[in-house]
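[1] please find the sequence and the predicted model below.
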Amino acid sequence: MSFMGNEMKIGFIGIGVMGKPMAANILKSGFELMCFNRTKEKILDLKEKGALVANSIEELVEWADTILFMLTTPEIIDSILFKNINDPNIYKGKIIINMGTISPSFSTKLKEEFSKYNARYIDAPVSGSKKPAEEGKLIILTSGDRTLIDNLNPLFLTMGNKITYCGEIPKASMIKLSVNLLILHMMEGFSEMINFAKKGDIDLNSLFEIVLSSQVSNDLYRMKYKNYLLGEFPVQGSVKNGIKDLTLITQTAKETGAFIPLTNLNYEMYLQAMGLGYEDEDFSAIIKVLENNKR
């Protein structure tokens, strides 16, 4: 296997909201790329740009030397990467890279599972949403073999502009969940501020002018404030994914003994949003839960 330039043969599994632009940037950078997705229609435009399309996971694993996956749940990961493989020994010598949000305990389990077949596993979840993914400006958190990760940096730099080494597996996934915990609180707090101000008959344009020029301004709020002005919530990160992350966070907190009272309340808010039918909207739609609750 060669790590020089873009000579790696890359397999990418999971062509969704994040996976598609990430795969497109890998392809654009000149790497050979083969994709697999359960919904084949999502790969058609990548095929037109030169990507190969695998008819099965086994075809992709046999072809690629480096395999990335961006999948949503442990059940889906287990089903696609293990249950659909007749002979898991085809993973021998391969590099396997998780780029999705999973629990630290599951990442450790994946490392142990792939090591049985002499495959090298890297934990590399990304921080960022659809727009940074499209622009190749994701933050990539990595944990695992440092030398191997350094050799993979040319690949990672096709998708992100910052690669941070976090230590041994599963520290990257632990940091990713920690960051997501804060982001989900920030979005709920921003929504709560807006709902509170609206109840006091405050013009949102005036509110945002003050907030976005103050010390609490940040990229997230600058990216999301127009959603509230327009009452439209185009998806960058969905309520459904927020619930998935909060499920992982609360489960991990139980495993580690972390006390997260506000996160538990926030979890209930996002579950209410799903119950109201907003699961496929952007997670800034959490404001609708606040608007629907009357004192």
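    Arrived safely. Numbering: from 1, shown residues only.
[2] and what about the most centrally placed residue in the chain, helix, strand or coil?
    The residue lying closest to the centre of the chain (C-alpha atoms, centre = their mean) is Gly100, at 4.5 Å. Classification of Gly100 using DSSP: H, G, I helix; E, B strand; the rest coil returns coil.
[3] from Leu141, how far out is it?
    12 Å (C-beta to C-beta, to the nearest Å). To be clear about C-beta, it is placed using only N, CA and C from the backbone, and glycine gets the same treatment.
[4] overlap of the contact sets of those two?
    Pro125 (C-beta atoms under 8 Å, 6 or more residues apart in numbering).
[5] returning to that earlier point: got phi/psi on the spatially closest residue to the residue nearest to the centre of the chain that is not a sequence neighbour?
    Leaving aside its chain neighbours, Gly100 sits nearest to Met70 (4.9 Å; criterion: C-beta to C-beta, 6 or more residues apart in numbering). Backbone torsions of Met70, given as degrees, to the nearest 10, read phi -130, psi 80.
[6] biggest helix in this structure, by residue count?
    Longest helix of the chain, by residue count under DSSP state H: helix 171-199.
[7] immediately after that one, which helix or strand?
    helix 204-211 (DSSP states H and E).
[8] return the list of helices and strands in contact with that next one.
    Applying 3 or more C-beta pairs under 8 Å, 6 or more residues apart in numbering; DSSP states H and E, we find helix 204-211 packed against helix 171-199, helix 219-230.
[9] among those helices, which is the most enclosed?
    Mean neighbour counts were compared across the helices and strands packed on helix 204-211 using mean count of other C-beta atoms under 10 Å; the top stretch is helix 171-199, at a mean of 19.
[10] list the contacts of the residue lying closest to Arg120 once chain neighbours are set aside.
    Excluding its sequence neighbours, the residue lying closest to Arg120 (C-beta to C-beta, 6+ apart) is Ile95, at 5.1 Å. Each residue near Ile95 by C-beta under 8 Å, 6+ apart is listed here: 1, 65-67, 119-120, 122, 148, 152.
[11] give me phi/psi at Ile95?
    Ile95 adopts backbone torsions of phi -100, psi 120, taken as degrees, to the nearest 10.
[12] Validate this expectation: Leu33 resides in a helix.
    No. Judged by three-state DSSP, Leu33 forms no part of a helix; its state is strand.
[13] so it touches Ile13, yeah?
    No. Using C-beta atoms under 8 Å, Leu33 is not in contact with Ile13; the gap is 11.6 Å.
[14] out of these two, which sits in the more crowded spot?
    Ile13 (27 against 24; other C-beta atoms under 10 Å).
[15] isn't the more buried one right next to Ile77, touching?
    No. The pair Ile13 / Ile77 is not scored as a contact, 9.1 Å apart, by C-beta under 8 Å.
[16] what is in contact with the two at once?
    Common neighbours of Ile13 and Ile77 (C-beta under 8 Å, 6+ apart) are 69, 71.
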